[in-house]
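Trainee: Next come a sequence and a model predicted from it.
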Amino acid sequence: MDFRLTDEQVARRKEIYKVCEELDKKKPKSWLGFESPFDNEEGWAFHRYCAKEFAKRGWLALSWPKEYGGTGTMMDKVLLAEARGYYDLPGSDIFGISMLAPTLIAAGSEELKKEFLPKIANAEIMFCELWSEPNAGSDLAALTASAIKKGDEFIVNGQKTWNTGAHYADWAFGVYKSDPNAKKHHNLTFILCDMKSKGITVKGIPYMNGAHVYNEVYLDDVHMPAKYVVGQENEGWAVVNVLAGFERSNIDMVMGLVRGVEDLVKFCNENKRDGKPLAHDPMIRNKIADLAASVEAVRTLAYRVADQQNRNEMGLMDAAAVKIFASELLEKFGQISTDILGPYGQVKQSKFAKLNGTAEYNYQACFVPIVSMGTNEIQRNIIAWYGLGLPRMK
Amino acid sequence: MDLRFTEQQEILKKSARDFLTKECPKAKVRELEKDPKGYDPALWQKMAELGWLGFNIPEDYEGMGYSFEDLNMHIEEVGKNILPGPYISTVVNTFAIVAEGTEEQKKEFLPKISNGQLILTLAWLEENGQFDASGITLKAAHKGNDFVLNGTKMFVDSAHVSNYMIVIARTKDGAGEDGITAFLVDSKSAGLKTEVIPTIAADHLCEVVFKDVAVSAKNVLGKVDKGWAILQMLVRKGSILKSAESLGGLQAVVDMTIAYSKERVQYDRPIGAFQALQHKMSDMWISMGTSKYLLYEAAWMESEGMPSAKEASMTKAYINEAYKLVSALGVKLHGGIGTSSDHDVPLYYRRAKAADTVYGSTDFHREMVAQQIGLK
Ligand SMILES: Cc1cc2nc3c(=O)[nH]c(=O)nc-3n(C[C@H](O)[C@H](O)[C@H](O)COP(=O)(O)OP(=O)(O)OC[C@H]3O[C@@H](n4cnc5c(N)ncnc54)[C@H](O)[C@@H]3O)c2cc1C
């Protein structure tokens, strides 16, 4: 076994960290964490700015095939995610870069690849995801929004929900029911659409902390050209599965935790209670050390996923394990850090706040990774059924 | 980066697995729990012939000279099977002689250990149950150039069948790290009395009473008064290797539980079809994954000679808890049979508790981590 990076990777990492450290200094004052790009204009502008900075260095196409403008390796992509996580930086469109691009590369037509990959790599367009509906969440295949083919267009009607960033995104990828008579899993079509299309209404839903993250999206006779279908007509479910199959190392979430523990240690060294530094409290020491060990455990497992990805091996089960463990560790981190702050644990970012209000933020924001991208229960099903070979729920 | 086992490691793992499956079935494990010696001398000899007792001994002293990482992989397999007796403690304690012994000591001890003729245990803990330096109170008084030991050591692995013990004693007044010395003491010395303590894993931990035990100056390990650093080294390496054993046990429980849940039928379906159990098994499997790479990282760092105190303590603290949690779930998911001493799962559940204080408890190691991550 060898946990070491190559000299080349060490150099690349240094370069990436340097760029990220500089970007960190340009964060808007209102910045709070990984959902901040969507909450206000300032956050979104910073997201786009960072994306442009990465794009001009070729960092948004890391690990893509050369013919589509690919640069670097999978490990370079991991290094960027690591640095972004550590500095809590946006700039990598989770929908465009992490989901759609690899899906297009694997299942898209040559025309779609040629049209969209350069725009994604250059950070010209940002995507959102129109999947979930009021009555189709975990059981996504139960969705009802319809796409009826008419000539070389689909006419789309229905309601989507929980769509992150739909109020800012330029384009969307969605799934719609295109054949009401076909069997489940052979009745859906995966289509890209311009969010400026006529008939799209976006209505924000406030997250529990009041932030504007996700939306309801109403589709009212929206015309979507058939050339924007990814994969085969009526076989959108297969495309959904291709997309879901791109395991993520989630190293950015893990590195956010690494940084969080560092900041908490610093805080406890610098702040006193009852005349003594908080760091002298044995209970606090025990809890933070426990957090630090758990963070290191999931960090090493995330590298295991990255190492597998880098070798083009499948690491789906390990990736699910990292998603579950890291997101639930974030929940625990939010609880412990708010506890340590005592009554200040409840204070929102303001002149009254300690740790810039990040403890209060994480206490609520942890449910974003826990519930989205396949809830942790769904991930546990995946591990049980496909990893452990236990009987699948009918 | 390459987080795969090497071919050589895969071979090592397989040979350990094959050997123990044949030579140390669970019936033997149960038998040895009741055996007064607590280990099987014939098996010990076979292990020595395979080189198991000399893995970490340099070839110059009749050992195999394997890397720490290889040893770690090997012990993980040992833990999967369960091997009663002072194997891991002898191997870990050997590091003290390899690293700190004089040429004379190395020549005297290492070939014997490697050939299976010398069981080496560690007399560290005392009745106060403390893991820190102030817990060391057993007195080693200077007598000319030599020493006289008086006091009591507790939880000494297999002291009653050991040939030598590394005794951690006070050679200077005070309670600090300075003034602690490590001695190599013949277990048959006059004035030394051992008694087996009944413990949860029936693993033959002993009380050892020292009454005017004479130890020659040539049996000081390292420098007089500077023995704490040697113990720290053993704690660090031992924490990693004991965690490897625990991870092996944890994996065995995960495998057994999944297999049983596919066989056992209730309500006309295998119990593994119940989602309440599926999610618990997923969690057990996740615990295994997070434990694994934390351990492998620590072992790799130790193998490469990098400072690894933080990672070793994180590993011990983390796997201590993971093993207890997973083996308890293992018991519960087996239902009634899982609570019976005839079943294998409780063998592991009991060992999870036994393992957690060896080389330092969870709380002790969390405190080590707290210091290492910069908490003032
Ligand atoms: C912050 C955030 C951002 C999101 N962003 C987007 C987005 O951009 N685009 C988009 O399309 N969607 C998005 N979602 C929606 C998300 O994908 C769904 O919330 C998720 O799939 C769960 O669906 P649901 O909310 O309908 O819950 P339900 O499916 O109703 O689940 C409710 C509970 O039941 C459990 N459950 C359901 N089925 C099973 C089962 N088979 N076994 C065990 N337990 C089960 C769930 O785990 C959960 O605990 C987002 C959600 C959040 C919270």
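Mentor: Good, I have the coordinates. Numbers count the residues shown, from 1 in each chain, chains lettered A, B, ... in the order given.
Trainee: going forward, measure contacts between C-alpha atoms and count neighbours the same way
Mentor: Noted.
Trainee: Contacts only, for A:Phe46.
Mentor: Shown in contact with A:Phe46 (C-alpha atoms under 8 Å, 6 or more residues apart in numbering or on different chains): A:27-28, A:37, A:90-91.
Trainee: Look up how far A:Pro37 lies from it.
Mentor: Separation of A:Phe46 from A:Pro37 (C-alpha to C-alpha, to the nearest Å): 7 Å.
Trainee: between those two, what contacts are shared?
Mentor: A:Pro90.
Trainee: how about the residues of the stretch 51-200 of chain A near chain B?
Mentor: By the rule C-alpha under 8 Å from any C-alpha of the partner chain, no part of the stretch 51-200 of chain A lies against chain B.
Trainee: Could you pick out the residues of the stretch 51-200 of chain A near the ligand for me?
Mentor: Contacts of the stretch 51-200 of chain A with the ligand, taken as C-alpha under 6 Å from any ligand atom, map to A:128-132, A:136-138, A:162-164.
Trainee: related to what we said a few turns ago, what's the farthest-apart pair in the contacts of A:Phe46?
Mentor: Taking C-alpha to C-alpha as the measure, the contacts of A:Phe46 span a maximum distance of 13.8 Å, between A:Pro28 and A:Gly91.
Trainee: In terms of neighbours, single out the busier of the two.
Mentor: Legend: neighbour count by other C-alpha atoms under 10 Å in any protein chain shown for A:Pro28 and A:Gly91, higher for A:Gly91 (22 against 13).
Trainee: For the more buried one, grab phi and psi.
Mentor: A:Gly91 adopts backbone torsions of phi 100, psi -10, taken as degrees, to the nearest 10.
Trainee: any idea how far it is from the ligand?
Mentor: 16 Å (C-alpha to the nearest ligand atom, to the nearest Å).
Trainee: And the pLDDT at that residue?
Mentor: Note for A:Gly91: predicted pLDDT of 97.
Trainee: Tally up the residues packed near the spatially closest residue to it that is not a sequence neighbour, please.
Mentor: If the residues on either side of it in the chain are set aside, A:Gly91 comes closest to A:Ala51, at 3.8 Å by C-alpha to C-alpha, 6 or more residues apart in numbering or on different chains. The number of residues packed near A:Ala51 is 24, by other C-alpha under 10 Å.
Trainee: Assign a three-state SS to the closest residue to the ligand within the stretch 51-200 of chain B, would you?
Mentor: Using C-alpha to the nearest ligand atom, the single residue of the stretch 51-200 of chain B nearest to the ligand is B:Lys80, 31.6 Å away. Of the three states, B:Lys80 takes helix according to DSSP: H, G, I helix; E, B strand; the rest coil.
Trainee: show me what contacts it?
Mentor: With C-alpha under 8 Å, 6+ apart, B:Lys80 has these contacts: B:245-252.
Trainee: Now the residue nearest to it when sequence neighbours are not counted: which helix or strand?
Mentor: Sequence neighbours aside, B:Gly248 is the residue nearest to B:Lys80 in space, at 4.0 Å (criterion: C-alpha to C-alpha, 6+ apart). Following DSSP states H and E, one finds B:Gly248 within helix B:227-263.
Trainee: Run through the strands of the stretch 101-250 of chain A in chain order.
Mentor: Secondary structure of the stretch 101-250 of chain A (DSSP state E, counting those that start in this stretch): strands at A:127-130, A:146-150, A:153-161, A:171-177, A:188-194, A:200-206, A:212-225, A:229-230.
Trainee: give me the number of residues near the residue of the stretch 51-200 of chain A found nearest chain B?
Mentor: Taking C-alpha to the nearest C-alpha as the measure, the stretch 51-200 of chain A has A:Met75 as its residue closest to chain B, at 9.3 Å. A:Met75 is flanked by 21 other residues according to other C-alpha under 10 Å.
Trainee: Can you give the domain ranges for the chain?
Mentor: In the absence of a named chain, chain A is used. A:7-92, A:128-242, A:251-387 (automatic domain parsing).
Trainee: Not quite, go with chain B.
Mentor: B:7-119, B:121-225, B:229-372.
Trainee: Could you dump those into a markdown table with distance to A:Ser98 and mean pLDDT added?
Mentor: Supplementary listing: these in a markdown table, determined by distance: least, C-alpha to C-alpha, whole Å; pLDDT from 0 to 100:
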| stretch | distance to A:Ser98 | mean pLDDT |
| --- | --- | --- |
| domain B:7-119 | 34 | 97 |
| domain B:121-225 | 48 | 97 |
| domain B:229-372 | 24 | 98 |
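Trainee: closest point of the stretch 201-350 of chain B to the ligand, which residue?
Mentor: Closest point on the stretch 201-350 of chain B to the ligand, by C-alpha to the nearest ligand atom, is B:Gln275, at 7.4 Å.
Trainee: Which stretches in the chain count as helices?
Mentor: Here I'm looking at chain A. With DSSP state H as the criterion, chain A has helices at A:7-24, A:36-39, A:41-55, A:74-87, A:101-107, A:110-121, A:236-244, A:251-270, A:282-310, A:316-340, A:358-365, A:367-371, A:376-382.
Trainee: if you could check chain B rather than the one you did, that'd help
Mentor: Going by DSSP H, chain B shows helices at B:7-23, B:26-34, B:41-49, B:68-81, B:87-100, B:103-114, B:227-263, B:275-303, B:309-334, B:345-357, B:362-372.
Trainee: Flag every residue of the stretch 251-394 of chain A that's near chain B.
Mentor: Of all the residues in the stretch 251-394 of chain A, those lying near chain B are A:262, A:265-266, A:268-269, A:279-280, A:285-286, A:288-290, A:292-294, A:296-298, A:300-301, A:304, A:307, A:318, A:321, A:325, A:377, A:380-381, A:383-384, A:388, A:390-393, going by C-alpha under 8 Å from any C-alpha.
Trainee: If we use 6 Å, what do you get?
Mentor: A:265, A:269, A:279, A:285-286, A:289, A:293, A:297-298, A:300-301, A:321, A:380, A:383-384, A:390-391 (C-alpha under 6 Å from any C-alpha of the partner chain).
Trainee: Can you tell me which of these are buried?
Mentor: Among those, those buried by neighbour count (16 or more other C-alpha atoms under 10 Å in any protein chain shown) are A:265, A:269, A:279, A:285-286, A:289, A:293, A:297-298, A:300-301, A:321, A:380, A:383-384, A:390-391.
Trainee: backbone phi and psi for the closest residue to A:Ala55 other than its chain neighbours, please?
Mentor: Using C-alpha to C-alpha, 6+ apart and skipping the chain neighbours, the partner closest in space to A:Ala55 is A:Asn122 (5.1 Å). Phi and psi for A:Asn122, reported as degrees, to the nearest 10, are phi -90, psi 10.
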